[in-house]
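[1] Next one to model:
(chains A, B, C and D)
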Amino acid sequence: MIEIIQTGPFNTVQDLGRTGFRNIGVTTSGAMDPLALKVGNSLLGNETGAAVLEIQTYPFKLRFAKQTSFVVTGADCGASLDGRMVQPWCALPIEAGQVLELGQPRVGTRAYICIAGGIDVAAVMGSRSTSLRGAFGGSDGRFLSTGDVLKLGEVSTALNFPATGLAVIDPAYALAYVYPANEDGVLLVRAIPAGEHALFGADAERFWMQTWKISTQSDRTGYRLMGEPIKPTTPVEMRSHGVVSGVVQVPPSGEPIIQMADANTAGGYPKIAGVIEADLWRLGQARIGSRLRFVRATHAQAASVEKAVAAFIDDVRSTSRMVCDALQAMK
Amino acid sequence: MPSQQRFDKVLIANRGEVALRVVRACREMGLKTVVVYSEADRDSAYVKSADQSICIGPSSASKSYLNQSAILLAARLTGAGAVHPGYGFLSENTSFSAAVEKAGMTFIGPDASAIATMGDKIAAKSAMMAAGVPCVPGPDTELPSEPEAIRAIAAGIGYPVIVKAAGGGGGRGMRVVLNEAELQEAVALTREEARKAFGTPALYMEKFLQHPRHIEIQVLCDTHGNAVWLGHRDCSMQRRHQKVVEEAPAPGISETLIGTVGEACVQACQQIGYRGVGTFEFLYEDGAFYFIEMNTRLQVEHPVTEETSGVDIVQQQLRVAQGETLSMTQVDVTCAGHAIECRINAEDPKTFMPSAGVITALELPQGEGVRVDTHVEAGYKVSPYYDSLIAKLIVHGQDRADAMQRTRSALASFKLEGIATNLPLLRELFEDAAFAKGETDIHYLEKWLKTRGAA
Amino acid sequence: MSASVVKITQPVEALALGRNGVRVSPIGSRAFLLEATGEFDLASQRRIWALSRAVELWSETLEIVPGMTNLLVVLKMTPEDPELLALRLLDAWEQAESIDLAGRTIEITVTYGGEHATDLAALCDRSGLSDREVIRIHYEGTYRVFALGSAPGFGYLHGLDPRIYMPRKTVPSLNMARGCVTIGGMQTGVAVLTGPNGWNSIGFAELQMFDPMSATPAVMAPGDTVRFVPASIEL
Amino acid sequence: MTKPDFSDPAIIERLTAALEAAGVDGIEITRPGQSLLIRLSSSAKGPARQVRSGKTDAVDAVAIVKAPMAGEFWLSDLSRTGTPAASTARDAIGFLRVGPILLPVSAGPSRRLGRHLVEPGTIVGFGDPIAEVETEA
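    Residues are numbered from 1 along each chain as shown, chains lettered A, B, ... in the order given. Predicted coordinates:
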């Protein structure tokens, strides 16, 4: 068990989301940075999609009620354990009673506290993710609050982490070869033109060329972007259709919205583009007020990045276990 | 699934004599080598013979040479494309073979399923019977639990019988039953031992042979369905199931007779899709062969077959692992002269207690037909952690008498000081008349040792 | 790290394959939207239902989201060749026989007017009908659930009388209550969540449309017939 | 002066034999008071003898940290900032990397890095010396 000692709003239990229910209007939810979640769980030897805590407001503090192991992935928020600095992306074994504290992030925005066995809240419709809109899943369908006590799942074959911990190379570094580097602090996000792209005429080019700023009206549901508005050449009345996270819709204001993890399941705004699956995590770590630019991509490129990411996660899982087993055998 | 990928760097997951033997074969083929070693072998000169060497753990074998994960990590670090397990340690470990392949490397040996089949004595026997390889009388199924059924099986085979653990091997987990009165208790005891030692209580029963010889057949298979047998060996000179002297060919067995068995072995390999080198072990009594087990690896005594067949077995092993097609067919395989291998162990020649310490002086025998496979040299420290084998003396002669004579001279000029070895015992053994005559059974050495002790 | 660097080369133009009034376009890398651009009617929707059943069985399908005469297919992995996928979808559409889902009939008891009917007046203004007429036209209708979406358990109901069509609001109500009976364009429905809502409210229903703990969390399913029964009319 | 390598099993074996012959069946070394407790075997019927060393510094002021496993030695955790040890524990002296995994190597309690003995990027084996560490004052 773990006990939440201190938390801000908007912190939730998340896994990889609730798939298969968009057809009844249930949003997928799930971690905003699914890569951090997968890497954390793989390092720990958990199921890749085990439930974790997604922290986006700080400071955050919790106490472990039992001996276990954990890792903080995603944002680097100067985590400390009983006051001692904890390296980001480094799994550590811990004793019952130890207190983990997360401060303001230095890099990124969302930190993921992954614990051996995963957070064992009840699965609702196949997922432990918090559905804020539906008010179910996670910890009673709401944000974490001080005093919450959460159970941890059973670990089938626990890894024995060395006392000094076991780290994984930050995926942003390890996968740099498949991600475009920021240009002058501008995040490059790869997207594929969507159904109404052509409707925007010359404005479509301005969509790709300009730098957009993530507005303060941005959250897990979507990011509203600020910039020079873009408009369709003719007004368009869309029939309601399903959408997925990553869709870039253009409401009448002309400032695009990127639907994120808590994306609506249906939409009717014209959509100019869709962010590729493998780049969504980078948006999940983008700060409000930061700038981004869309870069056109193809499905082949997206598939190749996706494969590289999947191979990295597999590698983390098998190598982590190998290192722990090798060290354990030497004891 | 046979691995067809090419590799240019081989990691040797073993130590000592065999590590050096594999390094030599790789070097001759232009392959790069990585030797892994334990803390105890850190200062041994042989580890430097490889292109790369890396320490993987503390001295105890379970922490180093048996530490699968540490070996796989070393392979990744050094960029090895293949792993040669040598003999002993992880050479017949199903999970290791699978893990090597899963890590994207080639395991130089059969795939995990072949190792698993041959590791399960019942499955192995069943596969051999299906391929027409002669087996010891007894069912190729697990012994039932009902006492009456067990009694009926034993009666059907005829006493004496032997009860064996399906997961056992190397002389462990077996019990001879001379008559019906002893049967049920023997079964119960062996079952309990098997459950504890091998994790499965499965047993099987066979005819117990009284005076068998240990004859084995060396096979070589590629991944394209080709297989040959490279001759046979007599390894009857054993003490506590440990071979002491091996020779090729086995004396007194006609070519026609062994030829039928060799062919059956080849067919068995093709039927089970075996790849790499392997050895079929048989008991031989009164002109009949009885399959006991298949070793799915390179064997310690492979050099005697190399000497008589002229085939470098380790190189062939590497070639088939690269996916190459065998360059020879059965008609190309010949047997020239006679070869004998003596295992030189660091052990007391009377008590057989392992001896550790520094080799202060070493002079290896030389001369025509004399080969010594060893990793030791003067100043080498024999550690107490591992098998006591420190060298193999292999002698090739025109015929058995010639090979025996050359072995006597080689043993006489073999000088190794600082630690106790079995050299004195070997020298004495080679003066024995019955051994010189040949065709001694697997109990001969132990009886000879008793007589010698009494003398 | 080895492996080849993914070059960011010039991408192909937006993939939008069309055939016989049907088109397929991507949303991101893993989702594809098939839109039947013909009539917005039951016949088109019946083919969408048939298509859904076929595509749901594809091994690469993660989930399907039927919409209004359209279908979103979300795949487990990004396909290397999106055109191939689009063509498969178009073929599947052509082969899709119209099916009628044997749905249930759901009666929803409504309090028309009152505090929740925040947009009734605007609807009267637009239609030129009286509030009583608007309400009568609404409850006399028989509706079919075309699809679910937007919010958990929310059913898009087809069959609204054109006289009471009312476009979605450009400025949504910020806090519309769950249970509000609403009109959005040519469709009607019952709000399942309290929150921002762009549809026009004319009444209120107590029925809970969604229970996440149930084996069938949504009360409505595509194909169901819905009737509104006035419990009271508060004007 | 050459120091005996106490990880060498042969030396341990010889030492053990010598101590046994001398009737010793236990040695206890405590730090940093530098006290040495020698326990004589029961057959010797002697009381436990305690010898306190006069030395309080020097001897293990400098120690060697050896690699706890084989790996590629790196100074930094290769995090997204890429800066060495900026966010790492105070006593970390580097990492052993295998593929995507990094094993932090620590100087040990109350010790700090003296100097590294290997270059970044070097593949080290188990037990290979990585760094000299000093006892903190």
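
[2] contacts, neighbours, all on C-alpha from now
    Will do.

[3] For C:Ile108, which non-adjacent residue is closest in space?
    Nearest residue to C:Ile108 in three dimensions, chain neighbours excluded: C:Phe228, at 4.8 Å (Cα to Cα, 6 or more residues apart in numbering or on different chains).

[4] Pull up the residues of chain A that are close to chain B.
    Selection of chain A residues close to chain B by Cα under 8 Å from any Cα of the partner chain yields A:319, A:322-323, A:325-327, A:329-331.

[5] could you redo the last one with a cut-off of 6 Å?
    Applying Cα under 6 Å from any Cα of the partner chain, one finds that chain A approaches chain B through A:322, A:326, A:329-330.

[6] what would the residues you listed look like in CSV with distance to B:Ala264 and pLDDT?
    CSV is the format used below for those (distance: Cα to Cα, whole Å; pLDDT from 0 to 100):
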residue, distance to B:Ala264, pLDDT
A:Met322, 41, 97
A:Ala326, 42, 97
A:Ala329, 42, 95
A:Met330, 44, 94
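
[7] Narrow these to those in helices?
    Per DSSP state H, helices hold the following members of those: A:322, A:326, A:329-330.

[8] coming back round to it: who does whichever strand or helix holds the residue nearest to C:Ile108 touch, helix- and strand-wise?
    When elements are assigned from DSSP states H and E, C:Phe228 belongs to strand C:225-234. If contacts are counted by 3 or more Cα pairs under 6 Å, 6 or more residues apart in numbering or on different chains; DSSP states H and E, strand C:225-234 sits against strand C:105-113, strand C:143-148.

[9] let's go with 10 Å and repeat that
    strand C:105-113, helix C:131-140, strand C:143-148, strand C:155-158, strand C:200-205 (3 or more Cα pairs under 10 Å, 6 or more residues apart in numbering or on different chains; DSSP states H and E).

[10] Please name whichever of these is nearest to B:Ala40.
    Closest to B:Ala40 of these is strand C:143-148 (Cα to Cα; 69.6 Å).

[11] does residue 102 have beta-bridge partners, and which?
    Since no chain was named, I'll use chain A. As for beta bridges, A:Leu102 partners with A:Phe60 under DSSP bridges.

[12] hm, I was asking about chain D
    Going by DSSP bridges, D:Leu102 is paired in beta bridges with A:Ala167, D:Arg97.

[13] thought it was touching D:Gly71?
    Yes - under the criterion of Cα atoms under 10 Å, D:Leu102 makes contact with D:Gly71 at 8.7 Å.

[14] Now the common contact residues for those two.
    D:95-96 (Cα atoms under 10 Å, 6 or more residues apart in numbering or on different chains).

[15] Could you give the separation between the terminal residues of stretch B:246-264?
    Start and end residues of stretch B:246-264 are separated by 23 Å (Cα to Cα, to the nearest Å).

[16] Show me where chain B dips below the pLDDT cut-off.
    B:1-5, B:169-171, B:454-455 (pLDDT under 70).

[17] show me where the stretch 201-350 of chain B has strands.
    B:203-207, B:213-221, B:227-239, B:242-248, B:276-285, B:288-295, B:338-345 (DSSP state E, counting those that start in this stretch).

[18] Find the residue at the geometric middle of chain B.
    Taking Cα atoms, centre = their mean, the centroid of chain B lies closest to B:Gln299, which sits 3.5 Å from it.

[19] gap between it and B:Gly132?
    Look at B:Gln299 and B:Gly132: by Cα to Cα, they are 24 Å apart.

[20] The lowest-mean-pLDDT helix or strand in chain C: what's the following helix or strand?
    Every helix and strand in chain C was compared by mean pLDDT, DSSP states H and E; the lowest is strand C:17-19, with a mean of 75. The helix or strand immediately downstream of strand C:17-19 is strand C:22-27, counting by DSSP H and E.

[21] rewinding a little: check which residues of the strand holding C:Phe228 are buried.
    C:225-230 (16 or more other Cα atoms under 10 Å in any protein chain shown).

[22] Likewise for stretch C:162-170?
    By neighbour count on 16+ other Cα under 10 Å, the buried set for stretch C:162-170 is C:164-167.

[23] How about stretch C:83-90?
    C:83, C:86-87, C:89-90.

[24] One more: stretch B:179-199?
    Neighbour counts over stretch B:179-199 (16+ other Cα under 10 Å) mark B:183, B:186-187, B:190-195, B:198 as buried.

[25] Of those residues, just say which sits nearest to chain D.
    Chain D lies nearest to B:Phe198 out of the buried residues of stretch B:179-199, by Cα to the nearest Cα, at 30.4 Å.

[26] Now the closest one. Nearest residue, chain neighbours left out?
    B:Gly167 (5.6 Å).

[27] Count residues in the vicinity of that neighbour, would you?
    Using other Cα atoms under 10 Å in any protein chain shown, B:Gly167 is surrounded by 22 other residues.

[28] And for D:Val98?
    Neighbourhood size, D:Val98 [other Cα under 10 Å]: 22.

[29] Excluding sequence neighbours, find me the nearest residue to it.
    The shortest distance from D:Val98 to any non-neighbouring residue, by Cα to Cα, 6+ apart, is to D:Gly71 (5.6 Å).

[30] which residues touch the one you found?
    Taking Cα under 10 Å, 6+ apart, one finds B:54, B:56, B:73-74, B:76-78, D:95-99, D:101-103, D:121-126 in contact with D:Gly71.

[31] State the pLDDT value of it.
    Note on D:Gly71: pLDDT of 97.

[32] roughly how far apart are it and D:Gly125?
    7 Å.

[33] Then A:Ala50?
    Applying Cα to Cα to A:Ala50 and D:Gly125 gives a distance of 35 Å.

[34] do the same with B:Gly367
    Relative to D:Gly125, B:Gly367 is positioned 40 Å away (Cα to Cα).

[35] now for the strands of the stretch 201-350 of chain B, which one comes closest to A:Pro93?
    Ranking the strands of the stretch 201-350 of chain B by proximity to A:Pro93 (Cα to Cα) places strand B:288-295 first, at 42.3 Å.

[36] And for residue 66, the neighbour number?
    Chain wasn't specified; assuming chain A. 14.

[37] try chain C instead
    C:Pro66: 29 neighbours (other Cα under 10 Å).

[38] which residues does the nearest residue to A:Glu101 once chain neighbours are set aside contact?
    Excluding the flanking residues, the one nearest A:Glu101 by Cα to Cα, 6+ apart is A:Lys61, at 4.4 Å. A:Lys61 is in contact with A:3-8, A:79-81, A:99-103, A:146, counting by Cα under 10 Å, 6+ apart.

[39] These in helices, which ones?
    Assigned to helices by DSSP H, none of the contacts of A:Lys61 qualify.

[40] May I see the PyMOL selection of the buried members of those?
    Restricted to buried positions by 16+ other Cα under 10 Å, the PyMOL selection for these reads:
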select buried, chain A and resi 3+4+5+6+7+8+79+80+81+99+100+101+102
